[in-house]
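# prediction below, plus the sequence it came from.
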Amino acid sequence: MELCTRFYALFFGLILFLSSSFLLNECRKLDGYEFPVYSTKSCPRNATEWNERSSAINCTEDNGYLCLPNENITQLLEFCYVFPFILIQEDICLYLSKRYSAVYSYDCNDFLYGCPNSSYVSYKLFKNPHCTSIGKGCFLAEPSCQG
């Protein structure tokens, strides 16, 4: 009986832990885009998280996962884009425009730190976290966002 009680305690503890971890990245489907777009509190920080989140919203080899700010730099969005990946030039971050449901570039040359200094592919965006670190309508690495 004691073994059974320990099993149930462990089982429910594990479920509670997993559900609280899921809520940290709670997402909500947003209207007004040409494809499903979800809000999120944070973007993946490594390849494992990137692949998990990609699978969670059913991205495929034909439509690659992205996690980017919206056009107002006020919210992080995750979605499966119309291309498998995007080649991003140096000194560029990306954002998603709602009006056209398209990804646009943002020149990050004025960032105080963290602006990518070489080209990279979108599925390695997690290696450039300053392109998804936002607050109060700006990228946190921008001088105007410091105050």
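In hand now; what should we look at?
# which stretches in the chain count as helices?
Along the chain, counting by DSSP state H, helices occupy 2-24, 47-56.
# which one of those has the poorest average confidence?
Mean pLDDT per stretch puts helix 2-24 lowest among those, at a mean of 39.
# and the strands in this protein?
Here the chain has its strands, by DSSP state E, at 28-30, 37-40, 65-69, 76-80, 87-88, 92-97, 102-107, 120-121, 134-135, 138-139.
# nearest to Asn58, of these?
Among the strands of the chain, the nearest to Asn58 by CB to CB is strand 76-80 (6.8 Å). Placement of C-beta: from N, CA and C, glycine included.
# residues contacting Asp91?
Residues near Asp91 by CB atoms under 8 Å, 6 or more residues apart in numbering: Asp107, Cys108, Asn109, Cys115, Pro116, Asn117.
# turn these into JSON lines, columns for distance to Thr48, neighbour count and pLDDT.
What follows is the contacts of Asp91, written out as JSON lines (distance: CB to CB, whole Å; neighbours: other CB atoms under 10 Å; pLDDT from 0 to 100):
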{"residue": "Asp107", "distance to Thr48": "30", "neighbour count": "11", "pLDDT": "98"}
{"residue": "Cys108", "distance to Thr48": "26", "neighbour count": "20", "pLDDT": "98"}
{"residue": "Asn109", "distance to Thr48": "31", "neighbour count": "8", "pLDDT": "97"}
{"residue": "Cys115", "distance to Thr48": "25", "neighbour count": "20", "pLDDT": "98"}
{"residue": "Pro116", "distance to Thr48": "21", "neighbour count": "20", "pLDDT": "98"}
{"residue": "Asn117", "distance to Thr48": "25", "neighbour count": "9", "pLDDT": "97"}
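# and of these, the nearest to Pro129?
The nearest member of these to Pro129, counting by CB to CB, is Pro116 at 10.5 Å.
# and the closest one, what is it in contact with?
Pro116 makes contacts with Ile88, Glu90, Asp91, Ile92, Cys93, Cys108, Asn128, Cys131, as judged by CB under 8 Å, 6+ apart.
# go on, Lys136?
Lys136 makes contacts with Thr74, Cys145, as judged by CB under 8 Å, 6+ apart.
# ok, the residue nearest to Ala102 when sequence neighbours are not counted to Val103 distance?
Spatial nearest neighbour of Ala102, chain neighbours left out: Leu96 (7.4 Å); criterion: CB to CB, 6 or more residues apart in numbering. Leu96 sits 6 Å away from Val103, taking CB to CB, to the nearest Å as the criterion.
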